[in-house]
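S.K.: Sequence below, structure please.
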Amino acid sequence: MAALERGDVIVFPTETLYGLGADALNAAAVDQVFELKGRDRQNPMPVLIAGEEMLLTVARDIPPLAAKLMSLFWPGPLTIVVPGRGGLPEPLLNQQGGIGVRISSHPIATTLVQRLGRPLTATSANPSRQAPARTIAQAKRYFAGRIDVFIDGGALSSKTGSTVVQVAGNDVKVIREGEIDAETLRKALES
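M.R.: Next up is the predicted model:
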């Protein structure tokens, strides 16, 4: 926890892939994640939250369809882009001012967010255009000497990462199909 509290970046497991974690409300820490990853700042990264109270620290509004998806698929591998609050580090927001949020079902990720008491960045632990890390050994190959804290959660089996959807009013747009396929989402919303 000390590393996150002082603004450092860590590697930690989620229910899909290993992630690069930093205090998402610390702009310098968020910048460090982008630098480590070599990620385009126009490509926002999602954050993990611990629950509704924390959701309201980053989301300006929760559209009803987003709330329905949250109740059906959280905790789990569904990142939902909702309207973001002002004052958040800019690289977390898309061009429409949306922020991607999810509650992880991985016990280590959940504990980290709860103990930090703030949202945690959750981009995959790999340099841009490289394969995501599914083991701590892969993550260390990418970031040894640049990150000090690696939390081993064993081998992770996801091939795709979380599914990412954007919710605006009555519209749900799949931005990236991941562990939850578009057909499953469609059926869930129709029920």
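S.K.: ranges for the strands of this protein?
M.R.: Taking DSSP state E as the test, the strands found in the chain are 10-13, 18-21, 47-48, 78-83, 98-102, 120-121, 123-124, 149-150, 163-168, 171-176.
S.K.: With respect to Leu55, which of these lies nearest?
M.R.: Taking Cβ to Cβ, strand 98-102 is the member of the strands of the chain nearest to Leu55, at 6.2 Å. For the C-beta atoms, the positions are set from N, CA and C on the backbone; glycine is no exception.
S.K.: is it true that Ser157 touches Arg134?
M.R.: Yes. Between Ser157 and Arg134 there is a contact at 7.3 Å, judged by Cβ atoms under 8 Å.
S.K.: Would you confirm that Ala139 contacts Ala125?
M.R.: Yes. Between Ala139 and Ala125 there is a contact under Cβ under 8 Å: 4.5 Å.
S.K.: Could you name the residue of the chain that is farthest from its center?
M.R.: Residue farthest from the centre of the chain, counting by Cα atoms, centre = their mean, is Ser191 at 26.7 Å.
S.K.: From Leu72, how far out is that one?
M.R.: 9 Å (Cβ to Cβ, to the nearest Å).
S.K.: got any residues that touch both of Ala139 and Ala125?
M.R.: Residues touching both Ala139 and Ala125 (Cβ atoms under 8 Å, 6 or more residues apart in numbering): 11, 18, 133.
S.K.: Let's see if you can find the most crowded of those.
M.R.: The residue in the shared contacts of Ala139 and Ala125 with the most neighbours, by other Cβ atoms under 10 Å, is Tyr18 (28 neighbours).
S.K.: how close does it get to Ala50?
M.R.: Distance, Tyr18 to Ala50, by Cβ to Cβ: 20 Å.
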